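>>> Build the 3D model from these lines:
(chains A and B)
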Amino acid sequence: MSQDLRNKESILRNSGFQTILASLLCIVLGLLVGFIVLLVINPLGAAGAIAAILKNFLYYPSSAAAMKYFGTTLVNASALLMCSLSVLFAYKVGLFNIGAAGQYVVGAGACLYCALGLKLPWIVCLLAAVAAAALAGGISGALKAYFNVNEVISCIMLNWISLYCVNMLLVNVKEQSTPYTTPLTSGNKGALLPNMGLDKLFSNNEFVTIGLPLAVAMAILVWVVLEKTKFGYELKATGLNKHAAKYCGMKEQRNVILTMMIAGGLAGFAAGIYYLTGIEQWMVQQTSVPAMGFNGIAAAFLGGLNPIGTIFSSYFIQHITSGGTYVDKSMYCSQISDLISAFIIYLCGFVLFFRLWLNRWLDKRDGKAKKGGNA
Amino acid sequence: MLLLIQYTLIFASVLVLVALGGCFSEHSGVINIGLEGIMVMGALGGALMMKYLPAGTPALVMILLAILAAVAVGMLFSLLLGVAAIRFSADQTLVGTALNLLGPAAAVVLVRAINMAESADNVSSTVMYGQAKKAFLMNIGRFEFNWFMLIALLVLIASFIVLYKTRFGLRLMACGEHPQAADSVGINVYKMRYAGVLISGALGGLGGLVYITAGVSEWKFENGVAGFGFLALAVMIFGQWKPVNIGLAALLFGLFRALSNVYTGFPTLVALKLPSSLYNMLPYIISLVVLVFVSKKSRAPKAEGIPYDKGQR
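Predicted coordinates for the structure are as follows:
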């Protein structure tokens, strides 16, 4: 057998490579389905629309404008990255944190109230967002640990409860004439995250702040905690088999609660680095939970459940979500991006089967090659 | 008071239908978190059917066709879960979540496309079915009777009989408790699980149709079904996966949900001066509290959520 054939096989068998391959396949198939839907709606503009989604900020001909919107996409992506880390962290411990959306809402409520109601500086607001969201996550964790309440259901209930609570809380700091909270620029400038010169890189996009590098640092931190520490090992062991973990002397109840608190804290951090840039005001009559947390699920799974992978997948999901706003509005609506990312999550469900199938196929091929060699 | 009963009954009908759907799916061994998405798709099917039927269609035909459309679309959509979870051993929670995101997104894209095709300026995601909806209603004195209340009751009775008194139902439950044992006596586990998921799709879709015809004569699909699919899951757990208990649980949850709609009609409640958000939260808080009490000794089907692999020991 030739040497390079063997090398090729070893790449195909590499689990990291398989994950990347599977994710790329999900993306391609997801885009293909989106394209077909566009074709069905209106065949004339489908190619243009899918190009607009993929181009996103490149839609602007001047590079300064493109840079500016690239910055905005990055700000959104950094919040999404934190949400997906929240989902990922919990999933590694065997918990499905669909509550990232609600914890994100709690974080938004806490940081905006601290900023506008209590006039606190940004660092306190950010910490308040993390603490409040960690508490919200901790509730789900405690219910799971002590009362065996399925975390998916309790998280979903808490999503709605958080939404209405935050609406009630933020009514106190809203503008007189609109249902939106007071902008941070007029309400409390000290609560805005510092730019540290990063805005200069993106054509003076004032929303680009230290939140961006902080989010990437958090992704690396999560990776280190999960892969390189005893604490992370214990958590993962609890996720794999909680009875075995208990038998080995690990405190499985404490681990479940801690995990949900950390997951919640990460989602709260997402809200902090998003709302404290002043990029968006909270609408106090909101009747649906912001999509950020749910998109986090997509990003986490698309990133192959690897913290470093989620940096790229979060950017991609945000890229096409932002890109959706540039489709030709006379033919399509921007929700087409939501449809594509939802379909990508659906396809992520097949990844396990895909890897199984790939490995089986490789085994078969190797078996044949061996036979051929012997004969 | 009458209004409260009316709303309670209609919300309970939605919950009982969807919760029974979840009950069938889980008894077969597949967790169906995607009920919310299925409801939206079913509602879409029914709403479009009502929109396109000519105004002179007899009430009975109208009802049957709308129900048929909702059920068919719901089943079709639930197949996405079925194929992924049963054939491809996918993570059921993940796929269910995907359905929940896919349903509303697909509905909005579709409805907007239809609205825009009709007139270029109409970019809303609303379907109007004001005329057609009247077919479902009948006034008994001041009480507005909705045929769906009767249908929900019939489905409840039928579910009880199917699950406990027929060969199919007992086999279905066996697949959710111990699929290997079921397979060993010649039951096709895969087929049974497909049946469970499809029934949940049918009932979920029907529930969605009931939800959007309750009280309103048009529906904006951006709103989805406001977490009703998840409330139904809570109802199912509170009802301990048993049809009769599910019926009672649905009434309780329906009452709390109805309160948020009609509390302004009760002087004592208005006098409390509680913010309306509190009433909106109430069903979710109650379900959380209820789950705390019932989850400890949960009677969930033992094998739910675990993909069945024939070769596994």
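
>>> quick one, phi/psi of B:G141?
Backbone torsions of B:G141, given as degrees, to the nearest 10, read phi 60, psi -130.

>>> and the gap between A:A369 and B:G46?
56 Å (CB to CB, to the nearest Å). Glycine gets a C-beta too; all of them are placed from N, C-alpha and C.

>>> ugh, typo on my part, it should be B:A195
23 Å.

>>> and the two? which has more neighbours close in?
Set B:A195 next to B:G46 and count neighbours by other CB atoms under 10 Å in any protein chain shown: B:G46 wins out with 32 against 19.

>>> name the element A:A51 belongs to?
Assigned by DSSP states H and E, A:A51 belongs to helix A:46-55.

>>> quick one: is that helix near chain B?
No: Helix A:46-55 stays clear of chain B (CB under 8 Å from any CB of the partner chain), getting no nearer than 11.5 Å.

>>> Other residues contacting that helix?
A:31, A:34-35, A:38-39, A:59, A:319-320, A:323-324, A:326-328, A:331-332, A:336-337, A:340 (CB atoms under 8 Å, 6 or more residues apart in numbering or on different chains).

>>> and if you look at stretch B:277-291?
Taking CB under 8 Å, 6+ apart as the rule, stretch B:277-291 contacts A:143, A:147, A:149-150, A:153-154, A:157-158, A:160-161, A:164-165, A:167-168, B:227, B:231, B:234-235, B:237-238, B:252-253, B:256-257, B:259-260, B:263.

>>> Give the rounded mean pLDDT of that stretch.
For stretch B:277-291, the mean per-residue pLDDT is 86.

>>> Just the buried positions in that stretch, please.
For stretch B:277-291, the neighbour count (16 or more other CB atoms under 10 Å in any protein chain shown) marks B:277, B:279-288, B:290-291 as buried.

>>> Drop anything exposed from the contacts of stretch B:277-291.
Buried, going by 16+ other CB under 10 Å: A:143, A:149-150, A:153-154, A:157-158, A:160-161, A:164-165, A:167-168, B:227, B:231, B:234-235, B:237-238, B:252-253, B:256-257, B:259-260, B:263, out of the contacts of stretch B:277-291.

>>> Among these, which lie within helices?
A:143, A:153-154, A:157-158, A:160-161, A:164-165, A:167-168, B:231, B:234-235, B:237-238, B:252-253, B:256-257, B:259-260 (DSSP state H).

>>> Can you pull up the residues of the stretch 51-200 of chain A that come close to chain B?
So far as CB under 8 Å from any CB goes, the stretch 51-200 of chain A lies against chain B at A:96, A:98, A:143, A:147-150, A:152-154, A:156-161, A:164-165, A:167-168.

>>> try 6 Å
A:96, A:147-149, A:153, A:156-157, A:160-161, A:164, A:167-168 (CB under 6 Å from any CB of the partner chain).

>>> quick revisit: adding distance to A:T277 and secondary structure, write the buried residues of stretch B:277-291 out as JSON lines.
Output for those, formatted as JSON lines (distance: CB to CB, whole Å; DSSP: H, G, I helix; E, B strand; the rest coil):
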{"residue": "B:S277", "distance to A:T277": "27", "secondary structure": "helix"}
{"residue": "B:Y279", "distance to A:T277": "34", "secondary structure": "helix"}
{"residue": "B:N280", "distance to A:T277": "29", "secondary structure": "helix"}
{"residue": "B:M281", "distance to A:T277": "29", "secondary structure": "helix"}
{"residue": "B:L282", "distance to A:T277": "35", "secondary structure": "helix"}
{"residue": "B:P283", "distance to A:T277": "35", "secondary structure": "helix"}
{"residue": "B:Y284", "distance to A:T277": "30", "secondary structure": "helix"}
{"residue": "B:I285", "distance to A:T277": "33", "secondary structure": "helix"}
{"residue": "B:I286", "distance to A:T277": "37", "secondary structure": "helix"}
{"residue": "B:S287", "distance to A:T277": "35", "secondary structure": "helix"}
{"residue": "B:L288", "distance to A:T277": "33", "secondary structure": "helix"}
{"residue": "B:V290", "distance to A:T277": "40", "secondary structure": "helix"}
{"residue": "B:L291", "distance to A:T277": "37", "secondary structure": "helix"}
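
>>> So which of those residues is the closest to B:F145?
B:F145 lies nearest to B:P283 out of the buried residues of stretch B:277-291, by CB to CB, at 23.5 Å.

>>> separation between the closest one and B:F230?
Look at B:P283 and B:F230: by CB to CB, they are 10 Å apart.

>>> Please apply the same query to B:K296.
Distance from B:K296 to B:F230, by CB to CB: 21 Å.

>>> Between these two, which is the more surrounded one?
Taking neighbours as other CB under 10 Å, B:K296 and B:F230 compare with B:F230 leading, 25 against 11.

>>> show me what contacts the more buried one?
B:F230 sits next to A:I156 when contact means CB atoms under 6 Å, 6 or more residues apart in numbering or on different chains.

>>> And the strands in the stretch 51-200 of chain A?
For the stretch 51-200 of chain A, no strands are identified by DSSP state E, counting those that start in this stretch.

>>> Please look at B:V162 and B:L170 and confirm they touch.
No: if you go by CB atoms under 6 Å, B:V162 and B:L170 don't touch, sitting 9.6 Å apart.

>>> Looking at those two, which is more packed in?
Between B:V162 and B:L170, counted using other CB under 10 Å, B:V162 has the larger neighbour count: 18 against 14.

>>> Please identify which helix or strand holds that one.
Going by DSSP H and E, B:V162 is part of helix B:147-165.

>>> what does the average pLDDT come to for the helix or strand following that helix?
Proceeding N to C from helix B:147-165, the next assigned helix or strand is helix B:167-177, under DSSP H and E. Throughout helix B:167-177, pLDDT has a mean value of 93.

>>> Pull out the buried positions in whichever helix or strand comes after helix B:167-177.
Sequence-wise, the next helix or strand downstream of helix B:167-177 (DSSP H and E) is helix B:179-184. When burial is assessed from 16+ other CB under 10 Å, helix B:179-184 yields the following buried residues: B:179, B:182-183.

>>> Quick check: residues of chain B near chain A?
So chain B meets chain A at B:84, B:88-91, B:93-95, B:97-98, B:101-102, B:105-106, B:108-109, B:112-113, B:227, B:230, B:233, B:275, B:277, B:280-281, B:284, B:287-288, B:291-292, B:295-296 (CB under 6 Å from any CB).

>>> Now for A:V105: which residues touch it?
A:162-163, A:166.

>>> Next: B:S78.
B:38, B:197, B:200-201.

>>> How about the secondary structure of it?
Look at B:S78: counting by DSSP: H, G, I helix; E, B strand; the rest coil, its state is helix.

>>> count of neighbours near the closest residue to B:F11 other than its chain neighbours?
Excluding the flanking residues, the one nearest B:F11 by CB to CB, 6 or more residues apart in numbering or on different chains is B:G254, at 3.9 Å. Number of residues near B:G254 (other CB under 10 Å) recorded here: 23.

>>> Tell me the spacing between the closest residue to A:A64 other than its chain neighbours and A:P307.
Nearest non-adjacent residue to A:A64, counting by CB to CB, 6+ apart: A:S203, 4.5 Å away. Separation of A:S203 from A:P307 (CB to CB): 30 Å.

>>> same check, this time on B:N32
Counting by CB to CB, the gap from B:N32 to A:P307 is 30 Å.

>>> Check A:P121 too.
29 Å.

>>> of these two, who's got more company?
A:P307 (24 against 13).

>>> Leaving out chain neighbours, which residue sits closest to the more buried one?
Distance criterion CB to CB, 6+ apart; nearest residue to A:P307, sequence neighbours excluded, is A:W223 at 3.9 Å.

>>> Many thanks, we can stop here.
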